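In: fold the stuff below for me.
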Amino acid sequence: MSVFILSNRKIIVENGKESFSNEEVSVPNFRIAKCNFQGWKEPTKEELKKKNYKGRNILDYKMLSEPEKSGYEDVLEVLKKEKKLIQSDLTANNLGGTQRMFYDLYKEMSATKERNDVLIFIHGYAYDFDDELQAILELKKLYVDNPKSPVNHILFISWPASSSIFPLTYFDDKAASINSGNSLLRLFYFYTQFLKDIFSDKDLLPCNQRIHIMAHSMGNRLLQSMLYSLKTENISRVIDQVILLSADVSFRVFEESEESFIKLPKLANRVTVYVNRKDAVLGVSQFSKNILSPRLGKMGPSSFSNITDIISVIDCTNVKNNLKTNFKFQVGNHWNYLSSSAVQEDIVSVLNDTDQNLIATRIKVEDQSYLLA
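Out: Residues are numbered from 1 along each chain as shown. Below you'll find the predicted structure:
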């Protein structure tokens, strides 16, 4: 299991170690950290209340060094050396940034023929870095520790959202999410370059595992920003499942004129949109900040005419929030992937690539639309 953080947050030094900042400031380039779960224990209620329960007291992580040079030729050299195909002085310790992350993931994903997938998660509105560390722990429980899930690795996309859910901060988060889309775009290009550099060599074989993207709320804007900039001719289908949760983007994003989510079928094998018509947070977004632009996560796509058969819409309006009982989850209806066991089970079925019509808790409404019972 590996869990990485990719972030364009400001870098600070705490106790002699490089750390990501809680500040609402972004930097032009992203950095990568690897989480350390060795010795991690579930905090007690008393520990959660302490003022020092933040940063590495939530979850330890180590910043990866910057790469000595660009490209992935050094990764190829290290991998071939480990297979005793060549001699070299390079080791994995010479690799930095995405080089080291892709190397670690490839080694672990190639070690077994069992499902050993990667989940790329993009968080939404109003998260500081401490909130993100808490979210990573929640995702690990849901998808890595869950024996029914095929996911064994997480790449958490961290971006400097505001730390308040006060509506006026929405504009700042909107701008930050759009700017942070550049980090996701660069990651995509780095990954496709890694595939070309490594697997153009006949001695190395693909691991045949899968990569999924899950975006929640305003994290969908980050994904949209990447898709706007991604030239259609440069898109490779390197993603298995794309899961859009409470998507805070226009319901027109699948229209040709938008030139954004309409590109997803070229990128992924399957796209699943989760809709909740009682989503109060998206209601505020629509009527206070996005006038006359209904949100995808509340209304669903504007039309199915341009949507291919790999896109499914799941209406979870009537599911029970039986896992989280506080006011935020019960009234907001914006975090069903955390608050509803029915939504969680459905997501795991999607990650397992279960046939749409064989997911027992769904009721088929139209060819591409389902009601979650």
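In: which strand is the longest one in this structure?
Out: Ordering each strand of the chain by length in residues (DSSP state E) puts strand 26-36 first.
In: help me confirm that H153 comes into contact with V118.
Out: Yes. Using CB atoms under 8 Å, H153 is in contact with V118, at 4.5 Å. (C-beta placed from N, C-alpha, C; glycine too.)
In: find residues that contact each of the two.
Out: Taking CB atoms under 8 Å, 6 or more residues apart in numbering as the criterion, H153 and V118 both touch 105, 109.
In: for the residue lying farthest from the centre of the chain, which non-adjacent residue is spatially closest?
Out: Within the chain, Q87 marks the point farthest from the mean C-alpha position, 37.5 Å out by CA atoms, centre = their mean. Among residues not flanking Q87 along the chain, K81 sits closest, at 6.9 Å (CB to CB, 6 or more residues apart in numbering).
In: can you get me a residue count around the one you found?
Out: By the criterion of other CB atoms under 10 Å, K81 has 16 neighbours.
In: that one in helix, strand or coil?
Out: Of the three states, K81 takes helix under DSSP: H, G, I helix; E, B strand; the rest coil.
In: that one and P67, how far apart?
Out: Using CB to CB, to the nearest Å, we find K81 at a distance of 18 Å from P67.
In: pull out the buried positions in stretch 148-161.
Out: The neighbour-count check on stretch 148-161 (16 or more other CB atoms under 10 Å) flags 149-161 as buried.
In: with stretch 36-51 instead?
Out: Within stretch 36-51, no residue qualifies as buried by neighbour count (16+ other CB under 10 Å).
In: do the same with stretch 298-318
Out: Quick answer for stretch 298-318 (16+ other CB under 10 Å): 298, 300-302, 307, 311-316.
In: check stretch 79-95 too.
Out: Buried residues in stretch 79-95 (16+ other CB under 10 Å): 79-81, 90, 92, 94-95.
In: show the average pLDDT along that stretch.
Out: Averaged over stretch 79-95, pLDDT sits at 94.
In: and if you look at stretch 128-136?
Out: 93.
In: contacts made by that stretch with the rest, please.
Out: Residues contacting stretch 128-136 (CB under 8 Å, 6+ apart): 3, 5, 7, 9, 20-22, 24, 35, 54-55, 58-59, 61, 121, 123, 127, 154, 156, 158, 161-163.
In: residues contacting the residue nearest to A373 when sequence neighbours are not counted?
Out: Excluding the flanking residues, the one nearest A373 by CB to CB, 6+ apart is T361, at 5.3 Å. Residues in contact with T361 (CB under 8 Å, 6+ apart) are 342, 345-346, 372-373.
In: check pLDDT for the residues you listed and point me to the minimum.
Out: A373 (79).
In: ranges for the helices of the stretch 151-300 of the chain?
Out: Secondary structure of the stretch 151-300 of the chain (DSSP state H, counting those that start in this stretch): helices at 170-199, 219-229, 264-267, 280-284, 296-299.
In: the second one - contacts with which helices or strands?
Out: Under the contact criterion of 3 or more CB pairs under 8 Å, 6 or more residues apart in numbering; DSSP states H and E, the helices and strands touching helix 219-229 comprise strand 117-122, helix 170-199, strand 211-216.
In: so can I have CSV of the ones you listed showing distance to L48?
Out: Formatted as CSV, the helices and strands packed on helix 219-229 follow (distance: least, CB to CB, whole Å):
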stretch, distance to L48
strand 117-122, 22
helix 170-199, 25
strand 211-216, 23
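In: tell me where the stretch 1-150 of the chain has strands.
Out: 2-9, 11-14, 17-20, 26-36, 60-63, 117-122 (DSSP state E, counting those that start in this stretch).
In: for the fourth one, packing partners?
Out: Yep, that's strand 26-36 we're talking about. Using 3+ CB pairs under 8 Å, 6+ apart: strand 26-36 touches strand 2-9, strand 17-20, strand 60-63, helix 97-110, helix 170-199.
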